[in-house]
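Chemist: Pasted the sequence and its predicted model underneath.
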Amino acid sequence: MSVVSSKAIVISTIKYRDSSLIVKLYTKEVGLVSYILKGILKSKKGRLKTAYFLPLTQLTIIANHQEKRSLQNLKEAQVINVYKSIHTSIVKQSVVLFLSEILGSAIQEQENNNLLYDYIERSLIWLDTHQHISNFHLLFLLNLTKFLGFYPDLSKPNKNGFHLKEGVFTDELGNNNIVVGHELIQLKKLLGIHFDKVDSITFSKTERQKLLHLLIRYFELHLAGFKKPKSLTVLETVYM
């Protein structure tokens with residue numbers, strides 16, 4: 001058994017039997033880990049509170065890990081980077097729920113990746129502290145691909161199409177996985193920019209929805225087992 005002390009981000013929480021939870025955390029030190037929180041739903045005096053495990057809450061944790069065990073034991077948790085607006089804004093809550101599903105499906109590594117962890121952490125703090133966030137989820141998804149290994153190859157950006165499966169710009173046309181025309185123009189707006197510039201990009205509701213579905217398709221083509229988020233419909237509704 002080893003003791004792990006780490007920052008962690010809540011990816012998902014599911015009820016287990018009548019009184020327990022299974023939580024999946026993305027930790028900075030050891031990657032993706034699932035923990036069983038026995039009796040947490042009935043205990044009022046324990047160190048662990050259910051409120052700590054809302055989607056994408058940022059924590060510091062201390063846990064006992066046993067090799068080859070699928071569910072580890074979480075001893076302590078404390079909330080850090082306490083959100084000021086995420087849990088009071090319906091729009092931000094919808095974004096967070098959507099992104100937690102994306103991350104739960106996209107992160108498949110059970111080892112640490114400090115660059116990926118830091119990106120998620122910084123992005124969530126930006127979301128919490130800014131008001132104009134209509135394009136945040138689009139840029140988050142696109143830039144997330146840098147850390148997952150399939151960010152678009154920008155060496156030939158002047159080609160007439162973008163091949164979703166190959167991740168490159170191309171003059172090849174007539175393939176269902178090639179983005180051309182107006183959708184290609186909209187995709188290019190997001191390339192190479194940071195969150196502080198995302199407010200300057202304008203999309204109509206239809207353009208935003210099409211681009212979101214395009215990015216989800218991009219993930220599906222590059223990540224085995226990636227599932228379209230169930231919360232996608234909710235997210236699109238709040239952006240009406």
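Modeler: Nice, thanks for sending it over.
Chemist: Which stretches in this protein count as strands?
Modeler: Assigned by DSSP state E, the strands in the chain fall at 2-16, 20-27, 31-37, 58-65, 72-79, 161-163, 168-170, 178-180.
Chemist: can you put those in JSON lines and add distance to L141, mean neighbour count and mean pLDDT?
Modeler: Every C-beta, even on glycine, is put in place using the N, C-alpha and C of the backbone. Shown next, in JSON lines, are these (distance: least, C-beta to C-beta, whole Å; neighbours: other C-beta atoms under 10 Å; pLDDT from 0 to 100):
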{"stretch": "strand 2-16", "distance to L141": "16", "mean neighbour count": "17", "mean pLDDT": "95"}
{"stretch": "strand 20-27", "distance to L141": "16", "mean neighbour count": "21", "mean pLDDT": "96"}
{"stretch": "strand 31-37", "distance to L141": "19", "mean neighbour count": "20", "mean pLDDT": "95"}
{"stretch": "strand 58-65", "distance to L141": "20", "mean neighbour count": "18", "mean pLDDT": "96"}
{"stretch": "strand 72-79", "distance to L141": "26", "mean neighbour count": "17", "mean pLDDT": "95"}
{"stretch": "strand 161-163", "distance to L141": "15", "mean neighbour count": "21", "mean pLDDT": "97"}
{"stretch": "strand 168-170", "distance to L141": "18", "mean neighbour count": "18", "mean pLDDT": "96"}
{"stretch": "strand 178-180", "distance to L141": "15", "mean neighbour count": "19", "mean pLDDT": "96"}
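Chemist: can you list the ones you listed in JSON lines and add distance to V234?
Modeler: JSON lines is the format used below for the strands of the chain (distance: least, C-beta to C-beta, whole Å):
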{"stretch": "strand 2-16", "distance to V234": "16"}
{"stretch": "strand 20-27", "distance to V234": "20"}
{"stretch": "strand 31-37", "distance to V234": "24"}
{"stretch": "strand 58-65", "distance to V234": "23"}
{"stretch": "strand 72-79", "distance to V234": "25"}
{"stretch": "strand 161-163", "distance to V234": "28"}
{"stretch": "strand 168-170", "distance to V234": "33"}
{"stretch": "strand 178-180", "distance to V234": "26"}
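Chemist: For stretch 107-124, list every residue counted as buried.
Modeler: Buried residues in stretch 107-124, counting neighbours by 16 or more other C-beta atoms under 10 Å, are found at 107, 112-113, 116-117, 119-121, 123-124.
Chemist: Would you mind pulling the contact partners of stretch 199-206?
Modeler: 132, 134-135, 138, 186, 189-190, 193, 211, 239-240 (C-beta atoms under 8 Å, 6 or more residues apart in numbering).
Chemist: Please disregard the earlier target; I meant stretch 40-60.
Modeler: The list of residues contacting stretch 40-60 from outside it, by C-beta under 8 Å, 6+ apart, reads 5-13, 15, 18-21, 23, 25, 37, 39, 74-81, 83, 86-87, 96-97, 99-100, 103, 120-121, 124.
Chemist: Quick check: the closest residue to N73 other than its chain neighbours vs E76, distance?
Modeler: Spatially, and ignoring its direct neighbours in sequence, N73 is nearest to N64 (4.5 Å; C-beta to C-beta, 6 or more residues apart in numbering). When distance is defined by C-beta to C-beta, to the nearest Å, N64 is 10 Å away from E76.
Chemist: sorry, back to before: which of the buried residues of stretch 107-124 fall within helices?
Modeler: Cross-referencing the buried residues of stretch 107-124 against helices under DSSP state H gives 116-117, 119-121, 123-124.
Chemist: Let me have these in TSV, extended by pLDDT.
Modeler: Formatted as TSV, those follow (pLDDT from 0 to 100):
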residue	pLDDT
L116	97
Y117	97
Y119	97
I120	98
E121	98
S123	98
L124	98
